[in-house]
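Undergrad: Build me a model from this:
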Amino acid sequence: MMTIDKDYHFLLKADSDPGVDAGFEFGIGSEVSVDENGFIPGSTDWAVQDGEDPTNGSTMFGRDRLLGPTWLWQLHVNRTNAEEALETLGRFKTAWHALSIRDTPGAVLPLVYRVGGRERRVFGRPRRFEAPPDNRILSGYVPVSVDFKCVDGYTYDAVEQEVVLQLGQNLADSDQVDSGGGFVFPVTFPVDTLMPTRQLAQILIGGDAPAYPIVRFYGSVIGPKLITDDWVLSLDYTIAAGQWVEIDTRPWRQTVLSSDGASIAGRLGRRQRLSKIAFAPGRFEAKYVGFSSTTSTCSVRWANTHNGL
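TA: So this is what the prediction gives:
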């Protein structure tokens, strides 16, 4: 994964895939530099559903939702001549136009940044791009103003955390085996082909805001289920060997996709809502449960989430 080694530098990624490093970097001292006091991260606000009680004039508070701020930059292209400035400006404009996501509702891009020695990221869409017309650019110095609309009011660690839990044949976990290792009769045969197995893991969530996990179940497994202290995430589904299902709980995604790209959101467990799946900061125990005749793994990824830069 690409990292930023200079403070007050920003990288607009070309793709939401964390494995794609391509993007456009700008910041203090680069070809596109930030003016003094030229970065304004904006402020967050709330979308509210308040009403007024006409009988006594009081406010009836409804549900509140944290809105994403708009980040603003005052920048300048700093090259040796107008020709070089136009080339740099063209690459910057192409990256900021981000045509790969414009036709996809809900699609966002990550913006990675390093400020105060911390490397984090936000998600959203590039908006305003303001620069002089090309025929007015007569030197290597070109002022540029840009905006980026964040999808929510949080910032996220640039590096994700991951815990992997693995299932495998484990007769000791079967309800057909008693505490002394003997079988509980009547026994359902065959006992060595399909057993419920489970594995525990400790998960430590940093930051100071909820972290939204991305959970991927790998086959072969029947009825995979991830159980934590606060919630359960399960599928009424059979995943074949070599296949997987990924559940993305991030508020701007909230998808359940199989490895062939099909949505199987209808196979979520009853009364399970992705909007309720999140880790609060702290330590949790996670348990992976399922029926597997071979082995199956469950990957839990998340980025520690923060209220500030």
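Undergrad: excluding its backbone neighbours, what's nearest the residue most central in space within the chain?
TA: Nearest to the mean C-alpha position of the chain, by Cα atoms, centre = their mean, lies R250 at 5.6 Å. Leaving aside its chain neighbours, R250 sits nearest to Y212 (4.4 Å; criterion: Cβ to Cβ, 6 or more residues apart in numbering). C-beta here means a position set from N, CA and C on the backbone, and glycine is covered the same way.
Undergrad: what about the one you found, how many neighbours?
TA: 24 (other Cβ atoms under 10 Å).
Undergrad: for M60, same thing?
TA: M60: 9 surrounding residues under other Cβ under 10 Å.
Undergrad: Thought P54 was touching it, still the case?
TA: No. Between M60 and P54 there is no contact under Cβ atoms under 8 Å: 10.2 Å.
Undergrad: what is in contact with these two at once?
TA: Shared contacts of M60 and P54 (Cβ atoms under 8 Å, 6 or more residues apart in numbering): none.
Undergrad: mind checking pLDDT for G42?
TA: The model reports G42 with a pLDDT of 88.
Undergrad: Roughly how far does it sit from D50?
TA: In this view, G42 and D50 are 23 Å apart by Cβ to Cβ, to the nearest Å.
Undergrad: Same drill for those two, tell me which one is more crowded.
TA: G42 (15 against 11).
Undergrad: so that one, which of the three states?
TA: Look at G42: counting by DSSP: H, G, I helix; E, B strand; the rest coil, its state is coil.
Undergrad: Settle this for me: it is touching L67, isn't it.
TA: No. The criterion here is Cβ under 8 Å, and G42 misses it with L67 at 10.3 Å.
Undergrad: my guess is the residue nearest to the centre of the chain meets A211, correct?
TA: No. Judged on Cβ under 8 Å, R250 makes no contact with A211 at a distance of 9.7 Å.
Undergrad: OK, contacts around L309?
TA: By Cβ under 8 Å, 6+ apart, L309 lies in contact with P41, V115, G116, R118, R120, T155.
Undergrad: who wins for neighbours among these?
TA: Within those, T155 tops the neighbour count with 25 neighbours, counted by other Cβ under 10 Å.
Undergrad: Show the contacting residues for that one.
TA: R120, R121, V122, T305, H306, N307, G308, L309.
Undergrad: Looking at those residues, which two lie furthest apart in space?
TA: Based on Cβ to Cβ, the longest span within these runs between R121 and N307 and measures 14.7 Å.
Undergrad: Name the SS class of P105, please.
TA: Secondary structure, three-state DSSP: P105 is coil.
Undergrad: Tell me the predicted confidence for it.
TA: 91.
Undergrad: sorry, back to before: quick one: which of R121 and N307 has more around it?
TA: R121 (19 against 12).
Undergrad: For R120, which three-state class applies?
TA: Secondary structure, three-state DSSP: R120 is strand.
Undergrad: how far away is it from I205?
TA: Separation of R120 from I205 (Cβ to Cβ): 16 Å.
Undergrad: do the same with L226
TA: Counting by Cβ to Cβ, the gap from L226 to I205 is 15 Å.
Undergrad: out of those two, which sits in the more crowded spot?
TA: Neighbour count, other Cβ under 10 Å: between L226 and I205, L226 has more, with 22 against 19.
Undergrad: For that one, give the beta-bridge partners.
TA: With DSSP bridges as the criterion, L226 is bridged to L233, Y288.
Undergrad: Tell me how far it lies from L233.
TA: In this view, L226 and L233 are 5 Å apart by Cβ to Cβ.
Undergrad: Give me the common contacts of the two.
TA: V215.
Undergrad: And whatever helix or strand F284 lives in, what does it pack against?
TA: Assessed by DSSP states H and E, F284 sits inside strand 282-292. Using 3 or more Cβ pairs under 8 Å, 6 or more residues apart in numbering; DSSP states H and E, the elements in contact with strand 282-292 are strand 161-168, strand 195-205, strand 221-227, strand 295-302.
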